[in-house]
Structure formats: structure tokens, C-alpha cells
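Enquirer: Pasting the sequence and the predicted coordinates here, then a few questions.
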Amino acid sequence: MNNPNKIILHHSLTKDGKVVDFNAIKRYHMQVRGWSDIGYHYVIEKVGDKYEILKGRDEKTPGAHCKEQHCNFESIGICLVGNFDIAEPPQAQLDKLYELLEDIFKRYGKMKIYGHNHFAKYKSCPGTKFPMNKVLAEAFQRKKKHWAEKCFINLNNKGITIHEKRFNDPITRGEVFALLDQLTDRK
């Protein structure tokens, strides 16, 4: 049984492409390593043109991502697809990581976050260019977004430019954005 009290971050040490690397990682872990499943609980990678959070092992199942100090039995392993010894992860991928961390914190409370190299001193994982200090600061100081923020982003992605994000005015712009978002989704 896995009793998570920490989160351990990894990188795949591969280039993120247009194919889903999750399946290749899972196949490698099962066929070459002989494990019962992919070693991580979550994988964050680009699928098509946006980053996705892909579910690996169940959180209650021990991972196979950090054998040092019995961490597999007390952690949630998250792998970001990419080689962060070469370059930092893209902001969109980090945003997905923050989204996942928020979800985990809601369920378990705030837990310490480590890079794999904290336990495996001989590894650079999650990469020498991985912005660990930035990730820790953002994860623990992140302010909850206004409920209309997603609608604001959706409208901007649809080409409807709105220059101000003051969501708490009397009839809030957030409500207007939500209404516009709903209207533009209708066929």
C-alpha cells in the first residue's frame, strides 16, 4: 500500500514529440523492466497541441519511480515528458503540473515536493535546467483563480480579445465572460 507524504518529480529524459510517449514509457517499464505497470502515478506531456495529465498507477499502489529510501511506498511520482538537462520545461507544461499539484493538495493536504535527484544523488532527474525553486514557490504560493478565469482564457483562445481581467466589478466581467463563453459554444 502506498501512503503518500511527498511528491517526487521526474523527467523522461526524452524529447517530447507529437506521439504519446506515455505508452512507450509504460511499454518499456513493463516489457523491459518487468514491472506490473508504468512506474509513475502521473505523466504530463504534450498530446496534439496541448499538455495533458495522463494517469499512471493508482495513487494507492506503490510506485516504481524512486527506489531510494523506500520512497515508492510513501510518494506520488510525477514524470514530465522532456529532457530538462537540455532546456527548461515549457510554461504550459508547468501550468499543467501546478494544476495537478493543486488537485493532489486538495486530497492529501500540502506535501513536500522533491526532485528525484534529492534521493538519487547520482541522477540529475528532473534535470539540471528544471526550475525547482520556481516550481516550489509557485506550488506553495499559488492563489486560487477566480471562477471566470477559465472562461476569460477560452474567449481569448477563440479570438475574442478582452483587455481587462477585473472579475469582481458590480456585474462582474467574469459573469459577462462566462455568458459570452456559453454563447460562443452554441452551434
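Expert: Ah, there it is. Residues are numbered from 1 along each chain as shown.
Enquirer: Just say helix, strand or coil for Asn117.
Expert: Of the three states, Asn117 takes helix according to DSSP: H, G, I helix; E, B strand; the rest coil.
Enquirer: which residues sit in contact with it?
Expert: Listed by Cβ atoms under 8 Å, 6 or more residues apart in numbering, the contact set of Asn117 reads Lys123, Ser124, Cys125, Pro126. In this view, the C-beta of every residue, glycine as well, is placed from N, C-alpha and C.
Enquirer: Tell me how far it lies from His65.
Expert: Using Cβ to Cβ, to the nearest Å, one gets 13 Å for the distance from Asn117 to His65.
Enquirer: May I see the buried residues of the strand or helix carrying Lys150?
Expert: In this structure, Lys150 sits in helix 149-157 according to DSSP states H and E. If you call a residue buried by 16 or more other Cβ atoms under 10 Å, then helix 149-157 has these buried ones: Cys151, Phe152, Asn154, Leu155.
Enquirer: swap in stretch 167-180?
Expert: Buried residues in stretch 167-180, counting neighbours by 16+ other Cβ under 10 Å, are found at Phe167, Arg173, Gly174, Val176, Phe177, Ala178, Leu180.
Enquirer: what do you get for stretch 128-147?
Expert: For stretch 128-147, by 16+ other Cβ under 10 Å, it's Phe130, Met132, Val135, Ala139, His146.
Enquirer: helix or strand for the fourth one, which one?
Expert: I take that to be Ala139. Secondary structure from DSSP H and E places Ala139 in helix 132-141.
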